[in-house]
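Colleague: A predicted structure for the sequence below; I have some questions about it.
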Amino acid sequence: MTVEIALAYLVMSLGLDSNISDSASLEVLSSISGQLFILVVMSLILSVGLSGGSMIAFKGLTLSNALSPYQALFEGIKKFFPLLLGNLLHSLAYGIGFIMLIFPGFFLYGRLGLFPLFIMFENKTAVDALGESWQATDEFGMKLFVLTTLFMGIQVIFGILASFGGIDTGIGYLVLATLLKYATTMPLFYLFFSLYQSVQRTN
């Protein structure tokens, strides 16, 4: 969360807009290229690792064999590349669905959301994990759609209200938006984990 806030604040503090020429924009970016590169890399590694590490943490808690947050995150980072590809494809599907009147995006987000579990626990490739998630959630598509719409919709509504209210700038907004993001995403992660556990018990 700290890295995401720092990265967003750094970009916002540049004050880049459509009125600035390309050469001026490049000059501004080059002046902070080192910090920007480090924060982008850190944010990418940690956010991708989190998607797998959270599942490891949930499993540890279920088995009363809890790992430390750092151990769980490290387990996720060890499968960085398949998780990265899975996250990219998942985000692409969500983005395309979101463009199609928003709600198809929530549906696809939920149906494909189990992919980190198949990567972490069954060593599936990113593409296979997404396919397994689609099959595993076939009976629960509508329930997942409703719950995903509820949690992700909170983020969307907050962004819209902040934009209309003119408060979508500044460190306060960034902190609040990031807190809200994780407060709504982590319950979804646990929902996906619980569904995966349920499906595994019935198979």
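Modeller: Ah, there it is. Numbering: from 1, shown residues only.
Colleague: every contact and neighbour count from this point should use C-alpha atoms.
Modeller: OK.
Colleague: identify all contacting residues around the helix or strand where residue 104 lies.
Modeller: Residue 104 belongs to helix 103-111 when elements are defined using DSSP states H and E. Applying Cα atoms under 8 Å, 6 or more residues apart in numbering, the contact partners of helix 103-111 are 90-91, 93-99, 133-134, 137-138, 141-142, 144-145, 148-149, 152.
Colleague: out of the residues you listed, which sit inside helices?
Modeller: 90-91, 93-99, 133-134, 141-142, 144-145, 148-149, 152 (DSSP state H).
Colleague: what subset of these is buried?
Modeller: Using 16 or more other Cα atoms under 10 Å as the burial test, the ones in helices among the contacts of helix 103-111 include 90-91, 93-95, 97-98, 133-134, 144-145, 148-149, 152 as buried.
Colleague: next SSE downstream of the lowest-mean-pLDDT helix or strand in the chain?
Modeller: Every helix and strand in the chain was compared by mean pLDDT, DSSP states H and E; the lowest is helix 22-31, with a mean of 73. Where DSSP H and E defines the elements, the next helix or strand beyond helix 22-31 is helix 33-62.
Colleague: now for that following helix, which elements pack on it?
Modeller: helix 2-13, helix 69-77, helix 80-99, helix 115-122, helix 171-202 (3 or more Cα pairs under 8 Å, 6 or more residues apart in numbering; DSSP states H and E).
Colleague: thanks a lot, catch you later.
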